[in-house]
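Student: mind folding the following:
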Amino acid sequence: MITKLIRINPENINPEDLKEAAEIIKSGGLAAMPTETVYGLGGNALDAEAAGKIYAAKGRPSDNPLIIHVCSYEQIFEYTRDVPEYAKKLIKAFMPGPFTIILKKADIIPDTVTAGLDSVAVRFPSHPVAQELIRLSGVPIAAPSANLSGKPSPTTAEHVIDDMMDKIDCIIDGGSCEVGVESTIVDATGESPEILRPGGVTLEMLREVCSDTEVDRNVLSLTTPNEKPKCPGTKYKHYAPDAEVTVVEGSRDSVRTKIKELIAANRGKIIGVLTMYESAYDDAVIISTSSTNKGYARDLFGALREFDKLGCELVFAEFCENDGVGLAVKNRLYKSAGGRVLHTD
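Tutor: From the prediction side, this is the model:
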């Protein structure tokens, strides 16, 4: 398969430039598209065969449900049923944006998309390219992140090219993603909202709308082998580079002291350090993120991919902050490390 590359300026979209990609979606093919969170691997969400192609291209387990993307409020209710009143408040407050809500699914959504669940995860992205592609396609687009399953999610078209070139029909290059981690997922099928995956819409923001919002126990762990995941990213190891990642968590000084000890104990190996603050670690490859949680989230996946390109065998990731978007960063780091976390305090 030869993958077509389409470059789009998100600030000046010519719909004609997206027509070919829309036709690919309509005809059951796959097109990677930019969103405000990460790049998504899109297929017709009403086509069970297209959903099967998504799983195959990613190497994604078939019990890991997909998120469907829509381009209007009306479509949210077209593809769901029995929407609670609190869910309507959340939809109004956070859509379009980096927010996904799980609702009871309408019969038109194939079981392949939802991994056999009676619920469906719905997202109304704010990215103009994603919105226009959905509109031109005339169907909701099922779109997990456009990376090989388990690898760091793509935040640039170059990341998608690395993983998906010649595996899918089309890649739309719309520049770098603004948020950098996947959307917040909230389960709204119960009596009150529950965060299954943290993201750019934070727990604090959600509680301003629904004060009884809680966080699922699997946010910082993996589900057990016999559990069926309610949403992407809860059962399997995710976001992981080839290098072995260890999260080092605690106060700034204690984290740095511990990482220096770990570097000394692993001499002879190519070691990477992901740091939130400017600092010097001897005998290591250093990649600095922003010192804010928002910036850390934006930079995280690109940094993990860069460590692989630099040949790192071990990566030690600083983590010092827990507030706001920090929960999303912590979630992604814990998943990428497969549970290897050192607490220094």
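Student: now the strands for the stretch 151-300 of the chain?
Tutor: Ranges of strands within the stretch 151-300 of the chain are 170-173, 184-187, 194-197, 214-215, 244-249, 271-275, 285-288, based on DSSP state E, counting those that start in this stretch.
Student: and L41, what are its bridge partners?
Tutor: A32 (DSSP bridges).
Student: same list, the strands of the stretch 151-300 of the chain, but as CSV with mean pLDDT and mean neighbour count please.
Tutor: Using the backbone N, CA and C atoms, a C-beta is placed for each residue, glycine as well. Compiled in CSV, those are given as follows (pLDDT from 0 to 100; neighbours: other C-beta atoms under 10 Å):
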stretch, mean pLDDT, mean neighbour count
strand 170-173, 98, 24
strand 184-187, 98, 26
strand 194-197, 96, 23
strand 214-215, 95, 16
strand 244-249, 95, 21
strand 271-275, 95, 24
strand 285-288, 92, 16
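Student: need those in TSV (columns: distance to R332).
Tutor: TSV is the format used below for these (distance: least, C-beta to C-beta, whole Å):
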stretch	distance to R332
strand 170-173	23
strand 184-187	12
strand 194-197	9
strand 214-215	15
strand 244-249	10
strand 271-275	11
strand 285-288	15
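Student: would you mark the buried spots in stretch 60-73?
Tutor: R60, N64, P65, L66, I67, I68, H69, V70, C71 (16 or more other C-beta atoms under 10 Å).
Student: hang on, the earlier thing: of the strands of the stretch 151-300 of the chain, which approaches A87 most closely?
Tutor: A87 lies closest to strand 184-187 among the strands of the stretch 151-300 of the chain, at 8.3 Å (C-beta to C-beta).
Student: which of the strands of the stretch 151-300 of the chain sits closest to H343?
Tutor: Judging those by C-beta to C-beta, what sits closest to H343 is strand 244-249, at 5.5 Å.
Student: which other helices and strands does the closest one contact?
Tutor: Judged by 3 or more C-beta pairs under 8 Å, 6 or more residues apart in numbering; DSSP states H and E, strand 244-249 is in contact with helix 252-265, strand 314-319, helix 326-336, strand 341-343.
Student: for the third one, packing partners?
Tutor: To tie it back to what came earlier, the one meant is helix 326-336. strand 244-249, helix 293-309, strand 314-319.
Student: how about those in JSON lines, adding distance to I172?
Tutor: What follows is the helices and strands packed on helix 326-336, written out as JSON lines (distance: least, C-beta to C-beta, whole Å):
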{"stretch": "strand 244-249", "distance to I172": "30"}
{"stretch": "helix 293-309", "distance to I172": "18"}
{"stretch": "strand 314-319", "distance to I172": "30"}
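Student: the ones you listed: which one's closest to H127?
Tutor: Across the helices and strands packed on helix 326-336, H127 has its closest neighbour in helix 293-309 (14.4 Å, C-beta to C-beta).
Student: could you check the angle strand 271-275 makes with that closest one?
Tutor: Angle, helix 293-309 to strand 271-275, by axes from the mean of the first three to the mean of the last three C-alpha atoms, to 10 degrees: 170 degrees.
Student: buried ones in helix 293-309?
Tutor: 293-294, 296-308.
Student: if we can go back for a sec, quick check: which of the helices and strands packed on strand 244-249 is nearest to I108?
Tutor: Comparison of the helices and strands packed on strand 244-249 against I108 by C-beta to C-beta identifies helix 326-336 as nearest, at 31.3 Å.
Student: can you give me how far the closest one is from the chain middle?
Tutor: The chain centre lies 11 Å from the centre of helix 326-336; the measure is C-alpha atoms, centre = their mean, to the nearest Å.
Student: other residues contacting that helix?
Tutor: The contact list for helix 326-336 (C-beta atoms under 8 Å, 6 or more residues apart in numbering) reads 152, 181, 184, 197-200, 202-203, 215, 219-222, 233, 237-241, 245, 247, 249, 293, 296-297, 300-301, 304, 317, 319, 321-322, 341.
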